[in-house]
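# Let's see this in three dimensions:
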Amino acid sequence: MAAAEVLDFEEYVRTRQDALLRSARRLVTDPMEAQDLLQTALVRTYGRWDGIADKSLADAYLRRVMINTRTEWWRTRRLQEVPTEHLPDVASVEDGTDQRADRALLMEVLGTLAPKQQSVVILRHWEQMSTVETARALGMSPGTVKSTLHRSLARMREELERRSAECAA
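Alright, predicted model coming up:
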């Protein structure tokens, strides 16, 4: 990579790192894992930086790399899961605000979705991308984005209702 390209990439990272980290935080709940995700995506993008002809699309490219990386991690972890008779104690962080509790619940429910469904929900609702922008970022048709979003939100509603019924019982 030419020196000018390296400086261009460094400038891009310097100016966009906060927004990119926010995107990573929306993909994974753990702040340290979000930083790892972003760093991994930046390393992967750095090797292909000179191939991105339109640098205005760099955010979309990097988001796609983060989504693909997160999906790889998810698949790897899923293969490593071993069922047990006893569930481990889950540590919870209580900060006393309903907003944080709601966010944690929402992230848990979001975690029950498949990676493709998670990506669509995150890009449409947290990143506030349009259907067309989401389709472009994920490499799918706008119709697929709409139907995937519809099924994902319905699945999340069902999971929230199920949890609410369990708490009431």
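# drop to CA atoms for contacts and neighbour counts, all remaining ones
OK.
# and the biggest helix by length in the chain, which residues are buried?
Ranked by number of residues, the top helix in the chain under DSSP state H is helix 142-168. Residues of helix 142-168 classed as buried by neighbour count (16 or more other Cα atoms under 10 Å): 142, 145-146, 148-149, 152-153, 155-156, 159-160.
# Kindly state the pLDDT recorded for L87?
At L87, the pLDDT value in this model is 69.
# quick one: the residue most central in space within the chain and R16, what's the gap?
Most central in the chain under Cα atoms, centre = their mean is L27, positioned 2.0 Å from the mean C-alpha point. L27 sits 17 Å away from R16, going by Cα to Cα, to the nearest Å.
# cool, and E5?
For E5 relative to R16 (Cα to Cα), the value is 16 Å.
# how far away is E166 from L160?
E166 sits 10 Å away from L160, going by Cα to Cα.
# no no, L42
35 Å.
# mean confidence score for the longest helix of the chain?
90.
# same deal with stretch 51-59?
84.
# Can you give me the end-to-end span of that stretch?
End to end - Cα to Cα - stretch 51-59 spans 14 Å.
# Which parts of it count as buried, going by neighbours?
Counting neighbours by 16+ other Cα under 10 Å, one finds that the buried residues in stretch 51-59 are 58-59.
# what's in contact with it?
With Cα atoms under 8 Å, 6 or more residues apart in numbering as the test, stretch 51-59 has contacts from L20.
# residue ranges of the helices in this protein, please?
3-27, 31-46, 58-80, 98-111, 115-121, 131-138, 142-168.
# what about the third one, distance to the chain center?
Right, helix 58-80. Distance of helix 58-80 from the chain centroid (Cα atoms, centre = their mean, to the nearest Å) equals 8 Å.
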